[in-house]
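1. what follows is a predicted protein model with its sequence.
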Amino acid sequence: MKCKVLLLTFFIIIISFNLSEAQMVPGIYVFGDSLVDVGNNNYLKLSLAKADLPHYGIDFPNHKASGRFTNGMNAADFLVEHFVAAEKVGLPTSPPYFSLVDDSNNNNNVSFLKGVSFASGGARILDGTDPYVFQSIHLTQQIGYFSTVYEDLYKQLGSSGVKNHLSKSIFAIVIGSNDILGYFRSSDLQNKTTPHQYVDSMVLSLKDKLKRLYNFGARKFVIVGIGTIGCCPARRRETENEECRGEINFWSVKYNKGLISMLQELKFDLKDIHYSYFDTYKVLLDFIQRPATYGFVEVKAACCGLGTLNAEIFCLPIAAYCSNRSDYIFFDRVHPTEAAHRIFVDLIFDGSLQYTFPMNVKQLVAI
């Protein structure tokens, strides 16, 4: 009888633990660029950056393009997948904001409680649109859209309710690559400012935007640094011997260092803010230098495209695509494969201080 009582008590404790875990992350709010876009750009009529054609989504559950710039799921999907597995919560991937507010849906019962994604292919930290993309939602606009979401949440939950909800939610920020690439594509920008000044302006601008989200009630941030974007197929094809573009990587590192310093300052000023920084640069470089360790074979060429390194064009319907997609780091000329996204998020969620600090996302959630 005593054993039965102890066993029952044990199960009650376990159930209570799972319930408390399930309440830890009520919502996931995603801001960023094409690395985490889950379909917002499909709603932008003038955007040239849309993953709405074959062969994007070829490995997605329905084998159709979903607005994700890869062959299947991206980092935003895998982040939610980790939460579902770890916490037993029924969080769906944060849907694209425009899918919820699109007038054609005529949906008066839209809820933003479990999260929403504002990410947009081609988006930048700094205001303005990449002329190669023509239309995207830069970070200032994304936060502007979040302000309308905040108003909706405030109406549903009230002042204390929305404060509690947002303080436990995750705010994921994945952006910056397009700013760096845009600088090196623009002679006008290079004539107006030095790369050092430009990178500093990126960091300062992001700091202001994080403070704005903090003022709305955000307390837990997942901040992703810029990767070795000089090593993507599109940049390699611009060099002799298909090497990485060193100047682009150099300034990506400078930005990341400035970002880390800024986050440390922000934490000093705002004591109740918590963050997990992911060193994408170090991880992607490790992929390239030690591919077999992660199951990769091809580190230079894109899986889908045409021409040198399959990087002359994006993954258009006329492009050839590989059958062994998990062997590749890059799916198209600039975007990772689903396999690479999965490893990124495995490390973001439960990685060591080598790649994610001052804590990983699992530790961030537990605070």
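-> Done, it's in.

2. any idea how far apart the tips of stretch 319-329 sit?
-> Here the two ends of stretch 319-329 are set 18 Å apart, with distance taken as Cα to Cα, to the nearest Å.

3. what ranges do the strands span in the stretch 51-200 of the chain?
-> Secondary structure of the stretch 51-200 of the chain (DSSP state E, counting those that start in this stretch): strands at 115-117, 170-174.

4. now do whichever strand or helix holds Tyr29 against strand 170-174: the angle between them, please.
-> Per DSSP states H and E, Tyr29 falls inside strand 28-32. The directions of strand 28-32 and strand 170-174 differ by 20 degrees, with axes from the mean of the first three to the mean of the last three Cα atoms, to 10 degrees as the criterion.

5. of all the strands of the stretch 51-200 of the chain, which lies closest to Phe184?
-> Relative to Phe184, the nearest member of the strands of the stretch 51-200 of the chain by Cβ to Cβ is strand 170-174, separated by 20.2 Å. To be clear about C-beta, it is placed using only N, CA and C from the backbone, and glycine gets the same treatment.

6. count the residues that sit near Ala292.
-> The tally of other residues near Ala292 (other Cβ atoms under 10 Å) stands at 7.

7. how about the helices of the stretch 1-150 of the chain, start to end?
-> Assignment of helices within the stretch 1-150 of the chain using DSSP state H, counting those that start in this stretch yields the ranges 2-22, 75-87, 97-101, 139-168.

8. mean pLDDT lowest where, among those?
-> The minimum mean pLDDT among the helices of the stretch 1-150 of the chain belongs to helix 2-22 (a mean of 42).

9. quick revisit: in a markdown table: the strands of the stretch 51-200 of the chain, plus distance to Leu364, mean neighbour count and mean pLDDT.
-> As requested, these are arranged in a markdown table below (distance: least, Cβ to Cβ, whole Å; neighbours: other Cβ atoms under 10 Å; pLDDT from 0 to 100):
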| stretch | distance to Leu364 | mean neighbour count | mean pLDDT |
| --- | --- | --- | --- |
| strand 115-117 | 15 | 25 | 96 |
| strand 170-174 | 8 | 26 | 98 |
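
10. now those as JSON lines including distance to Arg236?
-> As requested, those are exported to JSON lines (distance: least, Cβ to Cβ, whole Å):
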{"stretch": "strand 115-117", "distance to Arg236": "30"}
{"stretch": "strand 170-174", "distance to Arg236": "22"}
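
11. who wins for proximity to Ile348 among these?
-> Using Cβ to Cβ as the criterion, the shortest distance between Ile348 and the strands of the stretch 51-200 of the chain is 9.1 Å, found for strand 170-174.

12. given the closest one, what are its sheet partners and their directions?
-> Here strand 170-174 is paired, per DSSP bridges, with strand 28-32 (parallel), strand 220-224 (parallel).

13. what residues does that strand touch?
-> Contacts of strand 170-174 from elsewhere in the structure, counted by Cβ atoms under 8 Å, 6 or more residues apart in numbering, are 25, 27-33, 35-36, 75-76, 79, 115, 119, 206, 210, 213, 218, 220-224, 361, 364-365.

14. make it 7 Å
-> Where contact means Cβ atoms under 7 Å, 6 or more residues apart in numbering, the residues beyond strand 170-174 that reach it are 25, 28-33, 35-36, 75, 79, 119, 213, 218, 220-224.

15. from the chain's centroid, how far away is it?
-> Averaged C-alpha coordinates place strand 170-174 at 7 Å from its chain's average position (Cα atoms, centre = their mean, to the nearest Å).

16. what's the answer for stretch 214-223, then?
-> In terms of Cα atoms, centre = their mean, the centre of stretch 214-223 is found 15 Å from the chain centre.

17. now what about it, what contacts it?
-> Under the criterion Cβ under 7 Å, 6+ apart, residues 146, 150, 162-163, 166-167, 169-173, 210, 263, 270, 272-277, 348, 361, 364 lie in contact with stretch 214-223.

18. between the two ends of that stretch, how far is it?
-> Here stretch 214-223 reaches across 14 Å from its first residue to its last, counting by Cα to Cα.

19. with stretch 35-44 instead?
-> End-to-end distance (Cα to Cα), stretch 35-44: 17 Å.

20. show me how far it is from its chain's centre.
-> If you compare the mean C-alpha spot of stretch 35-44 with that of the full chain, they lie 12 Å apart, counting by Cα atoms, centre = their mean.

21. quick check: mean pLDDT of it?
-> For stretch 35-44, the mean per-residue pLDDT is 95.

22. stretch 188-202 now?
-> The average pLDDT within stretch 188-202 is 96.

23. for that stretch, which residues meet the burial criterion?
-> Using 16 or more other Cβ atoms under 10 Å as the test for burial, stretch 188-202 gives 189, 195, 198-200, 202.

24. now what about that stretch, what contacts it?
-> Outside of stretch 188-202, the residues within contact range by Cβ under 7 Å, 6+ apart are 125-126, 176, 179, 183, 251, 254-255, 258.

25. looking at it, Asp350 is touching Lys362, isn't it?
-> Yes - using Cβ atoms under 7 Å, Asp350 makes contact with Lys362 at a distance of 5.1 Å.

26. hang on, the earlier thing: what angle sits between the strand holding Tyr29 and helix 139-168?
-> Taking the same axes, to 10 degrees, one finds strand 28-32 and helix 139-168 inclined to each other by 160 degrees.

27. just how off-centre is strand 28-32 within its chain?
-> On Cα atoms, centre = their mean, the centre of strand 28-32 falls 7 Å from the chain's centre.

28. what angle separates that strand from helix 75-87?
-> 160 degrees.

29. what's next to strand 28-32, contact-wise?
-> Looking at what lies outside strand 28-32 - Cβ under 7 Å, 6+ apart - the contacts are 36, 76, 79-80, 91, 94, 115-119, 123, 139, 142, 146, 169-175.
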